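Student: next come a sequence and a model predicted from it.
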Amino acid sequence: MSAAAPALTAIAAIEKSPGYWAGVIRRFRRDPVAMAALVIVLALVLMAIFAPLIAPADPYRSSMIRRLRPIGTPGFPLGTDELGRDMLSRLIHGARLSLLMGVTPVFIAFFIGSAIGITAGFVGGKVNTVLMRTIDVFFAFPSVLLAIALSGALGAGIFNGLLSLTIVFVPPIARIAESVTTAVRKIEYIEAARASGASAFRIVRVHVLGNVIGPIFVYATGLISVSLILASGLSFLGLGVKPPEPEWGLMLNTLRNAIYVQPWVAALPGLMIFITSISFNLLSDGLRSAMDIKA
Amino acid sequence: MLSYILKRLALTIPVAFGVSIVCFMLVHIAPGDPLTSVLPPDASAQLQAEMRKLYGFDRPLPVQYGLWVLKTLQGDLGVSIATGRPVASELGKALGNTLMLAVLATMIGFLFGSLFGFVAGYFRDSWIDRLASFVSIIGVSVPHYWLGMVLVIIFSVQLNWLPATGAGPGGSAEWAWDWVHVRHLILPAVTMSVIPMGIIARTVRALVAEILSQEFVSGLRAKGLLDFGVFRHVVKNAAPTALAVMGLQLGYLLGGSILIETVFSWPGTGFLLGQAIFQRDLPLLQGTILVLAMFFVALNLIVDIVQSMLDPRVQRA
């Protein structure tokens, strides 16, 4: 990214150049949509962390006499669910599992996928063929189908859900990492480093990683939105999170039969998934243009 | 051309092999004895021993895999635990229903997606472009199962215009192309079309913007070609890629229809998968996944070959 003429870099250094990351932050802050998305994402994360302090009521306390109250009921601003639990409190607490189930698989897959892709791209040859052909097999499944196949076979549960989703997101990240690394490997300064006796490990650490990790990271942030929708989708199908835990997809599932009684209360958990997913998408788009990454 | 087709075919074989291994392993990664996945829980010890032998669960895994592949190639996908019927026959009708839904949704998505994308790319950086980009980002961000629920709330619960679930009146099994049946198709198809719409709009926008910035377009304009003439050239250049994206989207919808089919109780493969998960019917799960994944592999192959025929510059290995 900053492989440009060294003379220019030197001059810039004298004028105390703000550097690459400062430029990225500056461009990002000038993008109102991306900033708004960042604020919403931070608010959601804070909501998840401080859920017990913010939520007005116990998200597990049910009551058979106040089931399915409408939005705006005194004491229950967003109504109650099919077991009479406070919707507002459940939505706030739901951010914990929903964000955890959505973000963790991409986070883990980012490390595993990058490791596989960078290894394949840098070593090349037979190692590349073996690794990437294996990745191709998982690519042959539509992501929803693969997630459902794995968690359907493993059974419900948070861990099984996380495991299935991680397996779903490793292949796309590995493929991007491989193509970016293959492109970087052909640049002359890598050849120069090799000629001056640097070890393969050192070349990867010093020269390759810095150039490839940015694009891979941005690509991975773009997957978070898909992962959130998929994770909640698994719970919606009865996989993933089990009742009575508050999780948006599971809440949407248990409230499905209530659409004839309190339709808008039943739609609320999905609205939360939508807001979260679109915010992550806009955040990722903003990062991509601020970092000036194409494709 | 022929050599490309052969090369592409040869690349598909190892992928199909890998897919079959993953599907085979589904029964074995399931917790517990794989036998419990093909037998009701109250089976007698004698029956268990018989079935273990019949299914070959007492043999080494590679042998089991070989036997399974042989059976599958003969069209035998095992027997559903829940219904006791062969998985292949359960799948037959469901596949038709899902195909109908997915093809219609892809067509709607392609029509509106390319329209939005084209307008956005043609009037780049105008308010129309921003609006179209906003619509397409909503299309890829919205949890479609929730969108389905919201459409049901509006059009079925509140307005009472369209039915909320099923594929025909009173759960009738026979599909017919009349209004009574088609009105059941509208909401699921529209819900499903949102994803390909967003993705196709993005692709077409980028394609059109890129083609318009090329020199041959300025050349055509300089020669005095009217906007319509330029339009024709842009369509000709953008069509192969847009069609390829559409083909792949069809595959994603076929494989990913489970959430939408669950919302609308649409009797397709996704609904079947939902039942298989709910009843822990592993043979049904395995058979459905295998068929859908193989469909996707074949579709990928067809898309690549068709695209390289339409546009010889593109030959993906």
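Tutor: Yep, it's here.
Student: quick check: next helix or strand after the strand or helix carrying residue A:172?
Tutor: Take DSSP states H and E as the rule and residue A:172 turns out to sit in helix A:158-185. Where DSSP H and E defines the elements, the next helix or strand beyond helix A:158-185 is helix A:188-195.
Student: give me the residues contacting the next helix or strand after that next one.
Tutor: Per DSSP H and E, the first helix or strand lying C-terminal to helix A:188-195 is helix A:200-202. Contacting residues not belonging to helix A:200-202 are listed as A:122, A:193 [Cβ atoms under 8 Å, 6 or more residues apart in numbering or on different chains]. Just so you know, the C-beta spots here come from the backbone N, C-alpha and C atoms, and that holds for glycine as well.
Student: name the next helix or strand downstream of helix A:200-202, please.
Tutor: Elements were assigned by DSSP H and E; along the chain past helix A:200-202, the next helix or strand is helix A:209-236.
Student: list the buried residues of the helix holding residue A:172.
Tutor: Within helix A:158-185, the residues that qualify as buried are A:158, A:160-182, A:184-185, counting by 16 or more other Cβ atoms under 10 Å in any protein chain shown.
Student: does chain A sit close to stretch B:290-304?
Tutor: Yes - contact of stretch B:290-304 with chain A is found when judged by Cβ under 8 Å from any Cβ of the partner chain, involving B:292, B:293, B:296, B:297, B:300.
Student: get me the contact residues on the stretch 101-250 of chain B for chain A.
Tutor: Applying the criterion Cβ under 8 Å from any Cβ, the portion of the stretch 101-250 of chain B that neighbours chain A consists of B:137-138, B:140-147, B:149-150, B:152-153, B:157-158.
Student: now the residues of stretch B:290-304 next to chain A as CSV including neighbour count?
Tutor: Converted to CSV, those look like this (neighbours: other Cβ atoms under 10 Å in any protein chain shown):
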residue, neighbour count
B:292, 28
B:293, 26
B:296, 22
B:297, 22
B:300, 20
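Student: pretty sure residue A:180 is touching residue A:213, no?
Tutor: No - Residue A:180 lies out of contact with residue A:213 (Cβ atoms under 8 Å); the separation is 9.0 Å.
Student: count the neighbours of residue 188 for me.
Tutor: Defaulting to chain A. Look at residue A:188: counted by other Cβ atoms under 10 Å in any protein chain shown, it has 9 neighbours.
Student: should've been chain B
Tutor: Around residue B:188 there are 25 other residues, counting by other Cβ under 10 Å.
Student: how about it, secondary structure?
Tutor: Using DSSP: H, G, I helix; E, B strand; the rest coil, the three-state assignment for residue B:188 comes out as helix.
Student: and it, what does it touch?
Tutor: Contacts of residue B:188 (Cβ under 8 Å, 6+ apart): B:101, B:105, B:148, B:260, B:261, B:263, B:264, B:266.
Student: chain neighbours aside, what residue packs nearest to it?
Tutor: Nearest in space to residue B:188, with sequence neighbours left out and distances taken as Cβ to Cβ, 6 or more residues apart in numbering or on different chains, is residue B:264 at 4.4 Å.
Student: from residue B:105, how far out is the one you found?
Tutor: Counting by Cβ to Cβ, to the nearest Å, the separation of residue B:264 from residue B:105 is 12 Å.
Student: what strand or helix carries whatever residue of the stretch 151-295 of chain A ends up closest to chain B?
Tutor: Closest contact between the stretch 151-295 of chain A and chain B, by Cβ to the nearest Cβ, is at residue A:270 (2.8 Å). According to DSSP H and E, residue A:270 maps onto helix A:263-290.
Student: now do the contacts for the residue nearest to residue A:194 when sequence neighbours are not counted.
Tutor: The shortest distance from residue A:194 to any residue that is not its chain neighbour, by Cβ to Cβ, 6+ apart, is 6.4 Å, and that residue is residue A:203. For residue A:203, the residues meeting the contact criterion (Cβ under 8 Å, 6+ apart) are A:122, A:190, A:193, A:194.
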